[in-house]
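# Model the following, please.
(one chain, ligands or ions: 2)
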Amino acid sequence: AQESAEVPKQNDVARLRKIVINSLYSHRDVFLRELISNANDALEKLRLTSLTDKEVLSGAEDLNITIKAFKDQDGHGRIIIRDTGIGMTPEELTANLGTLAKSGTSEFLARAESTDTTGTGNLIGAFGLGFYSSFLVADHVYVSSLAAKSSQNPSPTQYVFSSGADESSFEIYPDPHGNTLGRGTEIILVLKDDALEYTDQHKVSDLIDKHSSFSSAFPIYLYTERTEQVPVEVEETKSDDVDEDVAVVEDADEKDTEPKTEAVTVEEWIHVNSQPPIWMRDPKTVTEEEYKTFYQATFKDYEEPLAWHHFSGDSGSGVSFKAIIYVPSHLDDSWWQNPLQTSSKDIRLMVKRVFITSDLGEDALPKWANWVKVVVDAEDLPLNVSREMLQSTRFLKQLRSIILRHILQMLVRIAEDDPEKWAQVQKVYGNVFKLGAVEDVKNRDKLVGLTRFGTNQRDSTSLDEYLENRKKGQKQIFYIADMGSTPEILAKSVFIEKLHARGYEVLLLTDPLDEIFVQNLRLWKKVQFQDVAKAGLRFGDEEMSPEEEKEEQKTLTEQFKPLLDWLKEEAKDVVRDVVISNRLVTSSCAVVADQMGYTGNIERMMSSSQG
Ligand code: ADP
Ligand code: MG
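Ligands and ions are numbered 1, 2, ... in the order given. The predicted model follows:
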């Protein structure tokens, strides 16, 4: 009984295969990582299903992955990857492996074709090629699968999915060998002639080590074969009445004769991921490289993380856990495009090494922190805890605030200890902190502490450093805002001439978020922000009291009345008033916004939005 099915979108198959084979050649190692990750997913699914339906566990007791790479008698290379996971029915084989109408595939095609091949690493990172990466190294792939027994499927049959690299169709048929697997899936790759390197056990073992050993909570066994010289048993004729001393003397006499050995092949399944996963280990024993590769494999990010923090804690309700939180080195554009999205899909919660969920639902992190990637392993929760149950415990809420606290601590530490890394963090997350300070009232002070601004005196300052640098008597935080401008241009503005000349520091705000930030904050450590382009500016070192100043202003205004009147008349269409000022040094006049009025910046925003 042989069924054959045509792939619905022939063109897509051909296009995808072409992309896979041509542009990813130098990345073809990824096939192993992808297949192991599928095996691991299948085992995770089985375990989760077994919580409600014990039946699925029958058929094969152990949950594991086995990998065997070898050359057959004819010199052809083969890799066999087998798991005792959930398995697939013939319908699932067709739907999951045979169809490209799967979610994500068309998106992948679109992106793949619009991205030049130098970026293929990123592509793999972003999408993963999944099962199709088999064709990077294989001419032909056979997948035998026996679905887990369940109440809906009490007597499953083992089926084979078979497809060649050059074919755009596949075949599905009952396995002629019967239900040999017990349960799960076996993938046989018939290697291309130029991919025989993958029959080298050391190569395979290195690849697993590098990309997969830590990503599976289930044991991975690798088949190895080695020849060993073993001594050949020699029949000894020994009579009971010869005492030991005599026997020793006899041995010594014969010591120049070589002991006889023979070569035997020793076969062994080696447990390649026997080390505990990195989050369970003592941070002192985990190398930078291990943290990075673990991050990249777990969160499917081709780029290295910017920073991480590995710690153990106690939720406060008696749940102790270990966690690693990671700061990615980039923030997707979509982060800014979805202002309301607060959930995080990248908090991988495990219980005793076993994956439970990555969806914290209602207890997700606030927007400013939801880019963080976390693995958490809780020791004291029952293994059969469901997400719904979790939600009803206090654990998730506590976990959320612990994660937030640790993110903030980690960032503060980077700011203090590692200027170079801190500059990178600022580049990616600088605006995120400003947004966070506006939105997250509870963590506002800490988030303000992470914000940095350029000034007329230095490239970057925190508000606290600004206040320390205040001049005697200075009672305002001076800033000038012009979005779309540059700090260099702003530093030359007429509005800060006098302040600069007198040694005052002025924040140069060029991002729309900067202005929203200061207007929301209004004060920092009880010191008011003052736009130097607006009325209300006060120097702290005025020699005169405000009363004396008013008096002088009055005298000068009277003295220069003819000039002021003339200017008022000439400029009546553009300005509301013309006054004597003490804020300029070299420029003779400046246009200033009302204290309560719009600044030039916001005025420009308004006119552009109307226009
Ligand atoms: P993804 O893993 O991103 O879904 P893949 O191409 O890697 O994409 O796999 C496609 C689908 O095939 C999987 O979602 C899964 O349903 C199924 N699958 C692949 N490998 C296995 C396996 N070893 N056991 C069970 N199902 C599998
Ligand atoms: Mg996959």
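# How about the secondary structure of residue 268?
Three-state call for residue 268 (DSSP: H, G, I helix; E, B strand; the rest coil): strand.
# Show me what it is bridged to.
For residue 268, the beta-bridge partners are residue 224 (DSSP bridges).
# Would you check that my belief about it contacting residue 221 is correct?
No: Residue 268 lies out of contact with residue 221 (CB atoms under 8 Å); the separation is 9.3 Å. All C-beta atoms are positioned from the backbone trio N, CA, C, and that covers glycine.
# SS state for residue 334?
Per three-state DSSP, residue 334 ends up helix.
# how many neighbours does residue 476 have?
18 (other CB atoms under 10 Å).
# check which helix or strand covers the residue lying closest to it once chain neighbours are set aside.
Among residues not flanking residue 476 along the chain, residue 530 sits closest, at 3.9 Å (CB to CB, 6 or more residues apart in numbering). Per DSSP states H and E, residue 530 falls inside strand 527-531.
# One more: residue 437?
Counting by DSSP H and E, residue 437 is part of helix 419-439.
# Following element in sequence after that helix, please.
Following helix 419-439 toward the C-terminus (DSSP H and E): helix 444-450.
# helices or strands next to that following helix in the packing?
Where contact means 3 or more CB pairs under 8 Å, 6 or more residues apart in numbering; DSSP states H and E, helix 444-450 is packed against helix 395-417, helix 419-439, helix 463-468.
# could these be laid out in JSON lines, adding mean neighbour count, mean pLDDT and distance to residue 557?
Supplementary listing: the helices and strands packed on helix 444-450 in JSON lines, determined by neighbours: other CB atoms under 10 Å; pLDDT from 0 to 100; distance: least, CB to CB, whole Å:
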{"stretch": "helix 395-417", "mean neighbour count": "18", "mean pLDDT": "91", "distance to residue 557": "48"}
{"stretch": "helix 419-439", "mean neighbour count": "18", "mean pLDDT": "94", "distance to residue 557": "40"}
{"stretch": "helix 463-468", "mean neighbour count": "16", "mean pLDDT": "94", "distance to residue 557": "34"}
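# Any chance of CSV for those, columns distance to residue 229?
Compiled in CSV, the helices and strands packed on helix 444-450 are given as follows (distance: least, CB to CB, whole Å):
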stretch, distance to residue 229
helix 395-417, 54
helix 419-439, 53
helix 463-468, 71
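# Any chance of those helices in JSON lines with distance to ligand 1 as columns?
Converted to JSON lines, these look like this (distance: least, CB to the nearest ligand atom, whole Å):
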{"stretch": "helix 395-417", "distance to ligand 1": "26"}
{"stretch": "helix 419-439", "distance to ligand 1": "27"}
{"stretch": "helix 463-468", "distance to ligand 1": "45"}
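# Nearest to residue 167 among the ones you listed would be which one?
Closest to residue 167 of the helices and strands packed on helix 444-450, according to CB to CB: helix 419-439, at 44.7 Å.
# all strands in the stretch 251-400 of the chain, in order from the N-terminus.
In the stretch 251-400 of the chain, the segments counted as strands under DSSP state E, counting those that start in this stretch are 261-271, 307-314, 320-327, 347-351, 354-357, 373-378.
# returning to that earlier point: nearest to ligand 2, of the helices and strands packed on helix 444-450?
helix 395-417 (27.2 Å; CB to the ion).
# from the chain's centre, how far out does that closest one sit?
16 Å (CA atoms, centre = their mean, to the nearest Å).
# Contacts made by it with the rest, please.
With CB atoms under 8 Å, 6 or more residues apart in numbering as the test, helix 395-417 has contacts from 307, 309, 311, 313, 315-317, 319, 321, 323, 325, 327, 347, 349, 360, 363-366, 369, 372, 374, 376, 378, 381, 390, 421-422, 425, 443, 446-447, 449-450.
# Please check those and keep the buried ones.
Applying 16 or more other CB atoms under 10 Å to the contacts of helix 395-417, the neighbour count classes 307, 309, 313, 315, 319, 321, 323, 325, 327, 347, 349, 360, 363-365, 369, 372, 374, 376, 378, 381, 390, 422, 425, 443, 446-447, 449-450 as buried.
# Spell out which residues of the protein are next to ligand 2.
Proximity of the chain to ligand 2, by CB under 5 Å from the ion, involves residues 38, 130.
# of all of the chain, which residue lies closest to ligand 2?
Closest point on the chain to ligand 2, by CB to the ion, is residue 130, at 3.9 Å.
# how about the residues of the chain near ligand 1?
34, 38-39, 41-42, 83, 85-86, 88, 96-97, 128, 130-131, 185 (CB under 6 Å from any ligand atom).
# Distance from stretch 301-308 to the middle of the chain?
Worked out by CA atoms, centre = their mean, stretch 301-308 lies 6 Å from the chain centre.
# Identify the residues contacting residue 458.
So residue 458 contacts residue 505 (CB under 8 Å, 6+ apart).
# returning to that earlier point: just give me the closest of the residues of the chain next to ligand 1 to ligand 1.
Ligand 1 has its nearest neighbour among these in residue 130, at 2.3 Å by CB to the nearest ligand atom.
# element containing the nearest residue to the closest one once chain neighbours are set aside, please.
Leaving aside its sequence neighbours, residue 130 sits nearest to residue 34 (CB to CB, 6+ apart; 5.5 Å). Element membership for residue 34 (DSSP H and E) is helix 30-50.
# Can you list the buried residues in the next helix or strand after that helix?
Next helix or strand after helix 30-50 toward the C-terminus (DSSP H and E): strand 65-71. The neighbour-count check on strand 65-71 (16+ other CB under 10 Å) flags 65, 66, 67, 68, 69 as buried.
# May I ask you to confirm that the fourth one is in contact with residue 80?
I take that to be residue 68. Yes: counting by CB under 8 Å, residue 68 does reach residue 80; the two are 4.6 Å apart.
# Run through the helices of the stretch 201-350 of the chain in chain order.
For the stretch 201-350 of the chain, helices defined by DSSP state H, counting those that start in this stretch occupy the ranges 201-207, 244-253, 288-299, 333-337.
# what sits up against the first one?
With contact meaning CB under 8 Å, 6+ apart, helix 201-207 is reached by 29, 32-33, 67, 69, 79, 197-198, 222-225, 270, 272.
# And the last one, by the same measure?
By CB under 8 Å, 6+ apart, the list of residues contacting helix 333-337 from outside reads residue 371.
# as a whole number, average confidence for it?
Across helix 333-337, the average pLDDT comes to 79.
# Next SSE downstream of the lowest-mean-pLDDT helix or strand in the chain?
Among the helical and strand segments of the chain, the one scoring lowest on mean pLDDT, DSSP states H and E is helix 120-127, with a mean of 44. As assigned by DSSP H and E, the chain's next helix or strand after helix 120-127 is strand 138-146.
# other SSEs contacting that next one?
By 3+ CB pairs under 8 Å, 6+ apart, strand 138-146 packs against strand 159-164, strand 184-191.
# mind checking how far the last one is from the chain centre?
Centroid displacement of strand 184-191 relative to its chain, using CA atoms, centre = their mean, is 30 Å.
# so it versus strand 159-164, what angle?
20 degrees (axes from the mean of the first three to the mean of the last three CA atoms, to 10 degrees).
# Now do strand 184-191 against helix 30-50, angle only.
Going by the same axes, to 10 degrees, strand 184-191 makes 170 degrees with helix 30-50.
# Could you list the paired strands of strand 184-191 along with their orientation?
strand 77-83 (antiparallel), strand 138-146 (antiparallel).
# and whichever residue of the stretch 251-400 of the chain sits closest to ligand 1, how many neighbours?
Relative to ligand 1, the nearest point of the stretch 251-400 of the chain is residue 300 (9.4 Å; CB to the nearest ligand atom). Counted with other CB under 10 Å, residues neighbouring residue 300 total 14.
# per-residue pLDDT, it?
Reported pLDDT for residue 300: 77.
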